[in-house]
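Following is a predicted model, sequence given first.
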Amino acid sequence: MGHADPAARLLAAEPAAAGLDLDAIFDYGHYVRHVPEILERLP
């Protein structure tokens with residue numbers, strides 16, 4: 001797997017995580033989608 005996130009790489013190495021969708025878990029798009037708008041509002 002080519003995960004850039006260190007936590008995702010560690011989790012990918014765990015056999016217990018075999019069925020997890022790491023791309024969905026470590027998708028930060030939900031958290032950063034409004035960053036441009038917020039930055040525009042800063043003085």
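In hand now; what should we look at?

out of everything not next to it in sequence, what's closest to Ala7?
Phe26 (7.2 Å; C-beta to C-beta, 6 or more residues apart in numbering). The way it works is simple: take the backbone N, C-alpha and C, and place the C-beta from them, glycine included.

Tell me the pLDDT of the one you found.
Reading off the per-residue confidence, Phe26 sits at a pLDDT of 89.

Report the contact partners of it.
Taking C-beta atoms under 8 Å, 6 or more residues apart in numbering as the criterion, Phe26 is in contact with 3, 5, 7-8.

What about Arg9, how many residues nearby?
Taking other C-beta atoms under 10 Å as the criterion, the count of residues near Arg9 is 14.

Could you measure from the spatially most central residue of the chain over to Pro6?
The residue at the geometric middle of the chain, judged as the C-alpha nearest the mean C-alpha position with C-alpha atoms, centre = their mean, is Phe26 (2.6 Å). Per C-beta to C-beta, to the nearest Å, Phe26 is found 10 Å from Pro6.

got the residue ranges for the strands in the chain?
Taking DSSP state E, the chain contains no strands at all.

Any regions of it where pLDDT drops low?
Across the chain, the stretches falling below the confidence threshold (pLDDT under 70) are 1-2.

what do you get if the cut-off is 80, keeping everything else the same?
Confidence mapping of the chain against pLDDT under 80 gives the ranges 1-4.

residue furthest from the geometric center of it?
Note on the chain: the largest separation between a C-alpha and the mean C-alpha position, by C-alpha atoms, centre = their mean, falls on Pro43 (28.7 Å).

just the helices in this protein please.
6-12, 22-25, 29-32, 35-41 (DSSP state H).

for Ala13, what are its contacts?
Ala13 makes contact with no residue under the criterion C-beta under 8 Å, 6+ apart.

Look up how far Pro6 lies from it.
Counting by C-beta to C-beta, the gap from Ala13 to Pro6 is 11 Å.

contacting residues around the nearest residue in space to Ala17 that is not next to it in sequence?
With sequence-adjacent residues excluded and distances taken as C-beta to C-beta, 6+ apart, Ala17 is closest to Leu11, at 4.8 Å. Listed by C-beta under 8 Å, 6+ apart, the contact partners of Leu11 are 17, 20, 22, 25.

I'm done for today, thanks for sticking with me.
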